[in-house]
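S.K.: Need coordinates for the following:
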Amino acid sequence: MNTHLLIEMLARGAGPAPRAVVARRFVPAAAVGLLCSCLLALLIIGPLPPEIFSTPAPWIKLVYGASLGVAASWLTAKLARPVAHSAWPVAAVLGVFVAMALAGFNAVLQVPPEDRVSTLLGQTWLMCPWVLLALSLPALLAILWALRGLAPTDLRGAGTAAGVLAGAIGAMGYALACPENSTAFVAVWYTLGICLTALIGRWAGPRLLRW
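M.R.: Numbers count the residues shown, from 1 in each chain. Model prediction:
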């Protein structure tokens, strides 16, 4: 918008700015991303047997993804604005990561030493981070689209936050199909997949969010 158009708009009375602009863009983007992640996981990998949901394993994954998603949403919303102060949201995101790491460490200590490696690696450690990354990409694209319509100034930071949020959404989708039951597995390999998504977001931020 050039100066003359801005003056003309102000002269005509543009009215107050719409409320909750960030939420109006992020909520649909996150919802679409979650729907895509869940559908892809269920259609490509296949759903877990219903009886698995009577055990804590899938709920731990879902709670991890949801908690991280809430914290990352806060951070992303902050970074969607110019000159954002994001210390508390960053602390919330790191707090979720630390809590999951401590839960995973405690889970390793609960098994005999000879079983700890298998507890940590499970059966799918080689593919887990990459599957989670793939399931997170629709959410990442949707969230970056939402950010592009706002006013981030820290483009790398906003891209990273979008990647963490998308990774959390991908983790929730993957939780519906992942056969692993170990909290330690989730703490390591889910987190690695989320971090990979965050790195892609950090790379994409300056390229896709530039004004």
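S.K.: burial of residue 203, as a residue count?
M.R.: Other residues near residue 203 number 14, with proximity taken as other Cβ atoms under 10 Å. Yep, even glycine has a C-beta here, placed from its N, CA and C like the rest.
S.K.: I'd say it and residue 162 touch.
M.R.: No: counting by Cβ atoms under 8 Å, residue 203 does not reach residue 162; the two are 11.3 Å apart.
S.K.: Just give the closest residue to the spatially most central residue of the chain, not the sequence neighbours.
M.R.: Geometric centre of the chain, nearest residue: residue 165, 2.2 Å, by Cα atoms, centre = their mean. Leaving aside its sequence neighbours, residue 165 sits nearest to residue 72 (Cβ to Cβ, 6 or more residues apart in numbering; 3.8 Å).
S.K.: buried set for the one helix or strand the one you found maps to?
M.R.: Residue 72 belongs to helix 57-79 when assigned by DSSP states H and E. Neighbour counts over helix 57-79 (16 or more other Cβ atoms under 10 Å) mark 57-58, 60-62, 64-69, 71-79 as buried.
S.K.: any weak-confidence spans in this structure?
M.R.: 1-20, 84 (pLDDT under 70).
S.K.: Can I get the helix or strand containing the residue nearest to the centre of the chain as PDB, trimmed to CA atoms?
M.R.: Using DSSP H and E, residue 165 maps to helix 155-175. What follows is helix 155-175 as a C-alpha-only set of coordinates in PDB (Å, rounded to 0.1, in the frame of the first residue of the first chain):
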ATOM      1  CA  LEU A 155      11.500 -14.300  10.400                       C
ATOM      2  CA  ARG A 156      13.800 -17.100  11.500                       C
ATOM      3  CA  GLY A 157      12.200 -17.100  15.000                       C
ATOM      4  CA  ALA A 158       8.700 -17.100  13.600                       C
ATOM      5  CA  GLY A 159       9.600 -19.900  11.200                       C
ATOM      6  CA  THR A 160      11.200 -22.000  14.000                       C
ATOM      7  CA  ALA A 161       8.100 -21.500  16.200                       C
ATOM      8  CA  ALA A 162       5.900 -22.500  13.300                       C
ATOM      9  CA  GLY A 163       8.000 -25.600  12.900                       C
ATOM     10  CA  VAL A 164       7.700 -26.600  16.600                       C
ATOM     11  CA  LEU A 165       3.900 -26.100  16.400                       C
ATOM     12  CA  ALA A 166       3.600 -28.100  13.200                       C
ATOM     13  CA  GLY A 167       5.800 -30.800  14.700                       C
ATOM     14  CA  ALA A 168       3.500 -31.000  17.800                       C
ATOM     15  CA  ILE A 169       0.500 -31.300  15.500                       C
ATOM     16  CA  GLY A 170       2.300 -34.000  13.500                       C
ATOM     17  CA  ALA A 171       3.100 -35.900  16.800                       C
ATOM     18  CA  MET A 172      -0.600 -35.900  17.700                       C
ATOM     19  CA  GLY A 173      -1.500 -37.400  14.300                       C
ATOM     20  CA  TYR A 174       1.300 -40.000  14.500                       C
ATOM     21  CA  ALA A 175       0.200 -40.900  18.000                       C
END
